[in-house]
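Enquirer: Pasting a predicted model and its sequence here:
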Amino acid sequence: MENEKLTVEEKTVETATCTEQVEVLDEKDIKINELQELVNKISGEIDNIKRSAADAINRSRQMEVDKKYASSDLVRKLLVPLSYFEGALKMKTEDANLINFLKGFEMIYNLILDQLHSEGLKEIQVKINDNYNPHVHEVMELVEVSDGESEKILEIFQKGFYYKDRVIQPVKVKVSKVIVENKEEDIIKEEN
């Protein structure tokens, strides 16, 4: 029986040791879980900080762009009266008084235009027979031609302008379009 008691006592000691080991392991697991949660929380905070920093950089860049083009609406609106000035300056007359008024208008026109140029306004350079470019030209009229090249500028209706590096007003143009003859349609028409 004594052997059995020792065995029971040994078993109790072993059980107590195992229980202590399990408790130590449980404490370690709890500590590991706590640390893992802390790592996850800190990672989330770091991600939030990165997003906030990226948002701040994007806002800063957008503010720079907004500042750069802040005057674009005003410049666009001034182009309308300037085109009227241009039209008035093309007027031909022999009347000395009107000639003096026109010279005054021309001086005012040039002063305004010089100020706009100093702020970043540039005329889009285009000539007759240049290729059509949808980024800077606006087609006002499309003319079908049987021979020649397609998408060539035939006439310029209104000047276009860049403001800084953006098109603020496209050049209004008349463009050619080559007629492609469809021989099957011609044959069908002839048969009817």
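Expert: Structure's in. What do you need? Numbers count the residues shown, from 1 in each chain.
Enquirer: in stretch 102-116, what's buried?
Expert: Neighbour-count burial for stretch 102-116, with 16 or more other Cβ atoms under 10 Å as criterion, is recorded at 102, 109, 113, 116. C-beta coordinates here come from the backbone N, C-alpha and C atoms, glycine included.
Enquirer: ok, which pair from those residues is furthest apart?
Expert: Maximum pairwise distance among the buried residues of stretch 102-116 (Cβ to Cβ): 20.7 Å, between Leu102 and Leu116.
Enquirer: returning to what we had before: what about the buried residues of stretch 102-116, which are in helices?
Expert: Counted as lying in helices by DSSP state H, out of those, are 102, 109, 113, 116.
Enquirer: Is the second one in contact with Leu82, as I believe?
Expert: Yes - under the criterion of Cβ atoms under 8 Å, Tyr109 is in contact with Leu82, at a separation of 6.8 Å.
Enquirer: can I get the ones in helices among the buried residues of stretch 102-116 in CSV with distance to Leu38?
Expert: Output for those, formatted as CSV (distance: Cβ to Cβ, whole Å):
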residue, distance to Leu38
Leu102, 81
Tyr109, 71
Leu113, 66
Leu116, 60
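Enquirer: possible to save those residues as TSV with pLDDT and distance to Gly160?
Expert: Below are those laid out as TSV (pLDDT from 0 to 100; distance: Cβ to Cβ, whole Å):
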residue	pLDDT	distance to Gly160
Leu102	89	25
Tyr109	93	18
Leu113	93	15
Leu116	94	14
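Enquirer: so which of the residues you listed would you say is closest to Leu154?
Expert: Nearest member of these to Leu154, counting by Cβ to Cβ, is Leu113, at 27.0 Å.
Enquirer: sec struct for the nearest residue to the closest one once chain neighbours are set aside, please.
Expert: What sits nearest to Leu113 in space, not counting adjacent residues and going by Cβ to Cβ, 6 or more residues apart in numbering, is Leu82, at 6.7 Å. Three-state assignment for Leu82 (DSSP: H, G, I helix; E, B strand; the rest coil): helix.
Enquirer: Any regions of the protein where pLDDT drops low?
Expert: 1-16, 18, 22, 181-192 (pLDDT under 70).
Enquirer: All the strands of the protein, in order from the start?
Expert: Ranges of strands within the chain are 121-123, 137-145, 153-158, 161-163, 166-169, 171-178, based on DSSP state E.
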